[in-house]
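[1] no FASTA, just this:
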Ligand code: ATP
Ligand code: MG
């Protein structure tokens with residue numbers, strides 16, 4: 001400790017929003033260099049390398065081979081797949097001295113695909129899995145929470161190459177198993193959820209989420225084992241119902257009812273239902289968005305959802321990606337006087353309707369359902385508007401909010417909402433990149449076939465923060481043994497030379513026995529040493545101090561706080577046993 005490059009801080013950094021960020025900075029593991037960009041100090045770097053090592057071992061174990069690409073990449077391959085544009089502001093772009101375009105790699109599908117295309121040409125060369133542990137760059141809109149969402153971060157990304165779907169499924173399953181092992185070893189509570197494949201395209205896709213209150217991802221799970229990222233939840237559409245006995249739609253005066261709440265109240269007062277009161281779920285809420293396509297073109301999109309639900313902007317965004325959507329602005333409404341804000345109804349919507357505005361509805365809006373909705377004039381709503389009879393949407397969209405208690409789509413019980421941090425993502429890319437970049441091989445029959453790919457990521461630097469987040473307590477970091485920078489923090493407390501000499505001697509013995517020791521040999525008070533040891537979070541704290549006169553030292557478990565006094569003469573064996581997880585001597 002007297003030589004270690006570290007300064008612990010007593011104050012929280014002002015920009016720290018979450019415990020992991022606060023503790024990693026205070027304990028001297030990382031330093032901020034710029035927003036979302038961090039330097040690794042010796043302690044932090046040791047943890048990062050341990051995470052890398054776990055990931056590397058498990059990837060090697062499934063036969064994936066490690067390569068390393070540059071982070072500085074040429075524009076052309078990303079142009080060929082459309083991602084130079086699709087990534088928009090999220091990618092760091094640079095020019096060289098000749099004016100040629102480059103980018104700092106946000107992810108490397110293109111480079112891997114081209115490398116394999118360069119060297120391989122036959123089905124005999126496949127299957128193949130390649131991976132790298134690389135620094136990625138993304139100009140995130142909201143870098144936050146320290147390492148959890150950085151603009152520079154470390155990712156393990158791997159890619160599998162197969163001739164057919166069956167091969168891809170095998171590669172995917174191998175990766176899934178490896179990920180289970182990786183996350184079990186990292187030692188945090190995680191869930192595997194169905195996910196969207198997002199900007200990458202492709203089909204089967206799952207995410208590994210660390211369960212965490214501060215997580216940015218919302219997921220759902222049911223008692224019967226269904227688990228999905230909220231973006232990926234598919235609403236189970238009810239069967240269509242008959243509308244033979246439905247009355248004709250009728251427009252009524254509904255002054256001052258621009259919101260669902262005011263509309264329901266007025267409907268109950270003036271137009272009561274015979275069977276039960278009107279509720280928000282009887283209304284059909286239509287929300288207009290301005291969609292911007294990747295090529296910059298803009299068009300409105302109307303989304304209809306039952307009035308007891310909001311449109312979830314993240315779910316909508318996931319459906320429209322890579323296009324982006326924003327709620328209609330006042331200016332947009334001005335430019336479209338036919339759309340009456342607060343009184344918008346489906347009668348005029350739809351690509352074949354008078355406005356030619358695309359109209360997508362929640363899957364629950366099936367043929368035969370009856371709605372109370374806008375009549376497209378201020379102060380008017382229409383009652384008994386029947387889907388399939390009075391209006392026909394252009395299709396459905398999964399954009400309505402998912403609520404706690406909603407039924408799981410597979411019938412496995414009510415969904416519960418929880419929050420998590422995305423730690424890993426595996427998915428079957430399929431042929432998207434191989435097609436765009438022309439990666440083909442000859443199959444058994446001598447026919448050229450497009451290779452099918454999988455893509456698999458682990459947030460390596462994010463894992464450092466996620467583990468810190470999940471394990472820290474009110475005193476500081478609290479590492480699981482497999483990730484701790486050192487096994488033991490050994491404190492020499494007391495001014496006596498004999499104490500320091502005994503501590504040094506024990507440290508050397510432990511070191512020889514393969515135990516990682518951080519020796520606190522500073523000329524500082526016991527209070528300072530204890531506080532720093534608790535802040536820095538090595539799993540075992542050993543104190544050589546007062547008890548030495550009687551031949552005793554103290555052992556503390558950082559997590560439980562449990563203490564025991566042991567004879568110095570037994571110390572080596574006992575500590576080795578603790579570190580290796582064997583029961584210590586009585
Ligand atoms: P997110 O939804 O959190 O932005 P993503 O879907 O963009 O993640 P991928 O492109 O699948 O992530 O990247 C693979 C892994 O890299 C993620 O599972 C995550 O653990 C990690 N990762 C992604 N973005 C960041 C970031 N900005 N900082 C740290 N780690 C990240
Ligand atoms: Mg992202």
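    Looks like it came in fine. What you see is a predicted model; the values in this text were computed from it and never measured. Ligands and ions are numbered 1, 2, ... in the order given.
[2] how about the residues of the stretch 301-450 of the chain near ligand 1?
    When proximity is defined as CB under 6 Å from any ligand atom, the stretch 301-450 of the chain approaches ligand 1 at 422-425. Any C-beta I mention is one placed from the backbone N, CA and C, and that applies to glycine too.
[3] could you dump those to TSV with pLDDT and distance to residue 351?
    Shown next, in TSV, are these (pLDDT from 0 to 100; distance: CB to CB, whole Å):
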residue	pLDDT	distance to residue 351
422	94	35
423	96	41
424	96	39
425	94	34
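[4] what sits against the residue of the chain found nearest ligand 1?
    Residue of the chain nearest ligand 1, by CB to the nearest ligand atom: residue 459 (2.1 Å). Neighbouring residues of residue 459 by CB atoms under 8 Å, 6 or more residues apart in numbering: 153-155, 422-424, 466.
[5] Which members of those residues define the maximum pairwise distance?
    The most widely separated members of the contacts of residue 459, counting by CB to CB, are 154 and 422 (14.8 Å).
[6] Now intersect the contacts of residue 459 with the helices, please.
    Those of these mapping onto helices are residue 466, per DSSP state H.
[7] Can you flag which of the contacts of residue 459 belong to strands?
    153-155, 422-424 (DSSP state E).
[8] so the residue nearest the centre of the chain bridges to which residues?
    Residue closest to the average C-alpha location in the chain (CA atoms, centre = their mean): residue 422, at 2.5 Å. Beta-bridge partners for residue 422, by DSSP bridges, are residue 209.
[9] got a list of what it touches?
    If you count contacts by CB under 8 Å, 6+ apart, then residue 422 has 207-209, 215-217, 459 around it.
[10] repeat that for 7 Å
    Residue 422 makes contacts with 207, 209, 217, as judged by CB atoms under 7 Å, 6 or more residues apart in numbering.
[11] Residue ranges in the stretch 451-586 of the chain under the pLDDT threshold?
    Judged by pLDDT under 70, the stretch 451-586 of the chain has its weakly predicted residues at 582-586.
[12] If we use 90, what do you get?
    Low-confidence segments of the stretch 451-586 of the chain (pLDDT under 90): 494-497, 546, 580-586.
[13] How about the residues of the protein by ligand 1?
    By CB under 6 Å from any ligand atom, the residues of the chain that approach ligand 1 are 107, 138, 140, 149-150, 153, 155, 422-425, 457, 459, 461-462.
[14] could you redo the last one with a cut-off of 5 Å?
    Where the chain comes near ligand 1, counting by CB under 5 Å from any ligand atom, the residues are 140, 149-150, 153, 155, 422, 425, 457, 459, 462.
[15] Just the buried residues of the residues you listed.
    Neighbour counting by 16 or more other CB atoms under 10 Å classes 140, 149-150, 153, 155, 422, 425, 457, 459, 462 among the residues of the chain next to ligand 1 as buried.
[16] the bottom helix or strand of this protein by mean pLDDT?
    Lowest on mean pLDDT, DSSP states H and E among the helices and strands of the chain sits helix 83-86, with a mean of 90.
[17] For that one, list every residue counted as buried.
    Neighbour counts using 16+ other CB under 10 Å place 83-84 of helix 83-86 among the buried residues.
[18] Residues touching it, excluding its own?
    75, 78, 199, 294, 322.
[19] Same question for stretch 409-418.
    Stretch 409-418 has contacts (CB under 7 Å, 6+ apart) with 211, 218-226, 233-236, 402, 404-408.
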